[in-house]
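Chemist: fold the following and give me the result.
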Amino acid sequence: MALLLREALGDELRRLRTDQGRTLREVSTSARVSLGYLSEVERGQKEASSELLAAICEALETPVGTVLTHVGRVMTPQVVEVLPTEPAAGTLAAA
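Modeler: Model (predicted):
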């Protein structure tokens, strides 16, 4: 199953918060959002509105664009280019 945007966004917000050593309560108070709702956003269970996302990012002192750029990279599948190989010496290529 494909990773959903709300899940990737929640993962990134949780990573930022824990990297800063902050609790859900600290960030929820600073962002003026309920602790339960922030927890649901971090777990990918709720979609964050643009206003809510901006408030959370401000509380985390991280630009929204930085968060969205990282989430975009996580959600973009890796493209691996496979180059054709040359037949080994002494073998015939199928015609």
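
Chemist: by contact count, what packs against the longest helix belonging to the chain?
Modeler: Counting residues, the longest helix found in the chain (DSSP state H) is helix 5-19. Helices and strands touching helix 5-19, as assessed by 3 or more C-beta pairs under 8 Å, 6 or more residues apart in numbering; DSSP states H and E, comprise helix 35-42, helix 64-75. The way it works is simple: take the backbone N, C-alpha and C, and place the C-beta from them, glycine included.

Chemist: how far off helix 5-19 does the longest one point, in degrees?
Modeler: Just to be clear, that refers to helix 64-75. 120 degrees (axes from the mean of the first three to the mean of the last three C-alpha atoms, to 10 degrees).

Chemist: circling back to that earlier point, now the longest helix of the chain: mean pLDDT?
Modeler: Helix 5-19 shows a mean pLDDT of 97.

Chemist: run the angle between it and helix 35-42 for me.
Modeler: 110 degrees.

Chemist: and the contacts of helix 5-19?
Modeler: 23-24, 27, 41-48, 53, 56, 60, 62, 67, 70-71, 74-75 (C-beta atoms under 8 Å, 6 or more residues apart in numbering).
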